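**Student:** sharing a model prediction with you, sequence too.
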Amino acid sequence: MGHFLAAEVAVNQGDHEAATREYQRAVAADPSSPLLRQRLAALYVRANRLQEALTETQKAVELDPNNAQARVLLAG
């Protein structure tokens, strides 16, 4: 099972630690994906890992400046 799918399954099961690990692996495999970085950032926010969330969100915006969701996260 791919890391993205494993992360989504973990999120749906409420296992945010496993989801975070899988999204970290997914980002490592595809560092140019703003979607993966945005999803990882959301999990970091849930875990109160705010500096890491900010870093991933900034990278998502750098990769896709038109990403409205990531821009909203930065503005909030």
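**Tutor:** It's in. The shown structure was predicted, so the numbers you read here are calculated from the model rather than taken from an experiment. Residues are numbered from 1 along each chain as shown.
**Student:** going forward, measure contacts and count neighbours with C-alpha atoms only.
**Tutor:** Will do.
**Student:** tell me where this protein has helices.
**Tutor:** Using DSSP state H, the helices found in the chain span residues 3-12, 16-29, 34-46, 50-63, 68-75.
**Student:** could those helices be laid out in a markdown table, adding mean neighbour count and mean pLDDT?
**Tutor:** Listed next are these as a markdown table, based on neighbours: other CA atoms under 10 Å; pLDDT from 0 to 100:
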| stretch | mean neighbour count | mean pLDDT |
| --- | --- | --- |
| helix 3-12 | 17 | 96 |
| helix 16-29 | 19 | 97 |
| helix 34-46 | 21 | 95 |
| helix 50-63 | 19 | 94 |
| helix 68-75 | 14 | 76 |
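**Student:** other residues contacting stretch 29-37?
**Tutor:** Here stretch 29-37 makes contact (CA atoms under 8 Å, 6 or more residues apart in numbering) with 4, 23, 26-27, 56-57, 59-61, 63-64.
**Student:** tell me the centre residue of the chain?
**Tutor:** In the chain, the centroid-proximal residue (CA atoms, centre = their mean) is Leu40; its distance is 1.7 Å.
**Student:** which ones are touching the spatially closest residue to that residue that is not a sequence neighbour?
**Tutor:** Excluding the flanking residues, the one nearest Leu40 by CA to CA, 6 or more residues apart in numbering is Tyr23, at 5.7 Å. Shown in contact with Tyr23 (CA under 8 Å, 6+ apart): 3-4, 7, 36-37, 39-40.
**Student:** which of these sits closest to Gln69?
**Tutor:** Gln69 lies nearest to Arg39 out of those, by CA to CA, at 10.5 Å.
**Student:** and the closest one, what is it in contact with?
**Tutor:** Tyr23.
**Student:** tell me how far it lies from Ala19.
**Tutor:** According to CA to CA, to the nearest Å, Arg39 and Ala19 sit 10 Å apart.
**Student:** next one: Val11
**Tutor:** For Val11, the distance to Ala19 equals 6 Å [CA to CA].
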